[in-house]
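Visitor: Sequence plus predicted model, see below.
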Amino acid sequence: MIIRSDYMNTLKTYRDVPLVKILAGIRRCGKSTILDMLRDDLLESGIAADHIISMRYTSEDFDDGMTDKDMYNGIKRQMTNEGRYYLLLDEVQEIEGWEKAVNSLLENANTDIYVTGSNSKLMSSEISTYLTGRYISIPVYTLSFSEYLEFKKSDSRHPKELLNEYLRLGGFPIVALGNFDERSAYQIVEGIYNSVITNDITKRHNITNFDLFNRVVKYIVENVGKTFSANAIAKFLKSEGRSLSVEAVYNYLNWLEKAFVIYRCQRYDLQGKSVLKTQEKFYLADASLKYCIMGFNPKSIAAMLENIVYFELRRRGYEVYIGKNGTKEIDFVAVQRDERIYVQVCRRLPEESDREIANLLEIRDHYPKYVVTLDELASGNVNGVKIIHLADFLLSAEY
């Protein structure tokens, strides 16, 4: 088992803290495996095996009739001795009212609780009702490039060669563990995508016009890294002779977001110092989702570079925004406590870099500014703006 150390370090930080640890992310991003890693780590640290209770609540393992009381009683029956029990509860969102059971176990038993989930039931308002101030949400993403190299450490290729593979095949662990060609990798990702769409969205929300829903998804995928609105999607569909209300588009976007297929990136006005509610961008949970839907085209990599940089910043704990500076746009403003960095992303130098650098130089503060590129000759510093290759940016210990 290849250890994903960033997640393990976070879980160790919160071990025995009286909070429910919620690991949430798209299906097959590695949440269940992280729980397996946690179990091994608990055993190595001296926790008795009979004080670690691992439960998996997939719909295949439990029928839909299981209630929160069944869940609570099933766990309590296994707690036969004194001392603390460690509860590792996988895919809890399949149980209606799971948060009530978890809250009772937190209040009425000596427990340290970890749960995972991959759809909107996990993020429902009931969490706030039953677990207010008593949980910590830990987002789980597909593999970073650094993790991808760990998965490929027996591979003798240079990191920049593996970066090209990472850009094409994405970061789902199941793909990284194998030695798949492009077609096979995208078939695997398509299976993951179809599972999410079927189980977490269309069934749950009773979508009947599947073709129309798929057309909206395709529009989003085609426009990753571009600003657009629900209204723009509705107008586009109308131009194709299809009818869908703006409200329905909002619902589709919301459901895709809650299933962790897409992530919303809001705009931040650097001059007015405020978050704007219009013209957001959306990024895909993994670049391979675009390719399994649209097919791979080398020209499409340029659009997905932003996608990869966005998630790298998210993994490192930054809140990430699109920057608006007057009429100019900054690809990313990444904020963490009192610190921030500015990032422009471009595929090639020098033809794209002059504009990117100029946009950054117009920002009148002293926070770090980067132009991230795929250009092999990328390096240097232009009036304080650091030009850096994508591989070096993704593997940098800090910014």
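Guide: Sure, I can see it. Numbers count the residues shown, from 1 in each chain.
Visitor: contacts, neighbours, all on C-alpha from now
Guide: Will do.
Visitor: Can you name every helix or strand that the helix or strand hosting Leu105 contacts?
Guide: According to DSSP states H and E, Leu105 maps onto helix 98-108. Contacts defined by 3 or more CA pairs under 8 Å, 6 or more residues apart in numbering; DSSP states H and E place helix 98-108 against helix 68-76, strand 111-117, helix 125-131.
Visitor: Please name whichever of the ones you listed is nearest to Tyr219.
Guide: The minimum distance between Tyr219 and the helices and strands packed on helix 98-108 falls on strand 111-117, with 26.8 Å, by CA to CA.
Visitor: contacts for the closest one?
Guide: Residues external to strand 111-117 that are found in contact with it (CA atoms under 8 Å, 6 or more residues apart in numbering): 15-25, 31-32, 84-93, 102, 105-106.
Visitor: re the thing from before, tabulate the helices and strands packed on helix 98-108 (a markdown table), appending mean pLDDT and distance to Phe260.
Guide: Output for these, formatted as a markdown table (pLDDT from 0 to 100; distance: least, CA to CA, whole Å):
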| stretch | mean pLDDT | distance to Phe260 |
| --- | --- | --- |
| helix 68-76 | 95 | 24 |
| strand 111-117 | 96 | 10 |
| helix 125-131 | 71 | 17 |
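Visitor: hey, which of those is tucked in deepest?
Guide: Ranked by average neighbour count under the criterion mean count of other CA atoms under 10 Å, the helices and strands packed on helix 98-108 are headed by strand 111-117 at a mean of 24.
Visitor: And the strands in this structure, which stretches?
Guide: Taking DSSP state E to define them, one finds strands in the chain at 20-24, 52-56, 85-90, 111-117, 135-139, 262-269, 274-284, 319-325, 328-336, 339-346, 369-373, 381-382, 385-389.
Visitor: Tell me which of these lies nearest to Val246.
Guide: strand 274-284 (14.1 Å).
Visitor: For the closest one, buried residues please.
Guide: Going by neighbour count (16 or more other CA atoms under 10 Å), the buried part of strand 274-284 is 276, 279-284.
Visitor: Also stretch 14-26?
Guide: Across stretch 14-26, burial judged by 16+ other CA under 10 Å covers 15, 18-26.
Visitor: Show me the two of the residues you listed that sit farthest apart.
Guide: Pairwise distances across those peak at 25.9 Å for Pro18 and Ile26 (criterion: CA to CA).
Visitor: worst-scoring helix or strand of the protein, pLDDT-wise?
Guide: Sorting the helices and strands of the chain by mean pLDDT, DSSP states H and E puts helix 125-131 at the bottom, at a mean of 71.
Visitor: Which among the helices and strands packed on helix 98-108 is found nearest to Ala48?
Guide: That would be, of those and by CA to CA, strand 111-117, which comes in at 13.7 Å.
Visitor: The residue nearest to the spatial centre of the chain: what's it in contact with?
Guide: With distances taken as CA atoms, centre = their mean, the residue of the chain nearest its centroid is Tyr141 (4.0 Å). With contact set as CA under 8 Å, 6+ apart, Tyr141 has these partners: 25-26, 29-30, 285, 311, 315.
Visitor: what about the chain, any weak spots by pLDDT?
Guide: Applying pLDDT under 70 to the chain picks out residues 59-64, 120-126, 128, 350-353.
Visitor: that older thread, take the strands of the chain and write them to TSV, including distance to Leu253.
Guide: Shown next, in TSV, are the strands of the chain (distance: least, CA to CA, whole Å):
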stretch	distance to Leu253
strand 20-24	18
strand 52-56	29
strand 85-90	26
strand 111-117	19
strand 135-139	19
strand 262-269	8
strand 274-284	9
strand 319-325	18
strand 328-336	21
strand 339-346	25
strand 369-373	29
strand 381-382	39
strand 385-389	33
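Visitor: among the ones you listed, which is nearest His158?
Guide: Shortest distance between His158 and the strands of the chain, using CA to CA, is found for strand 385-389: 14.4 Å.
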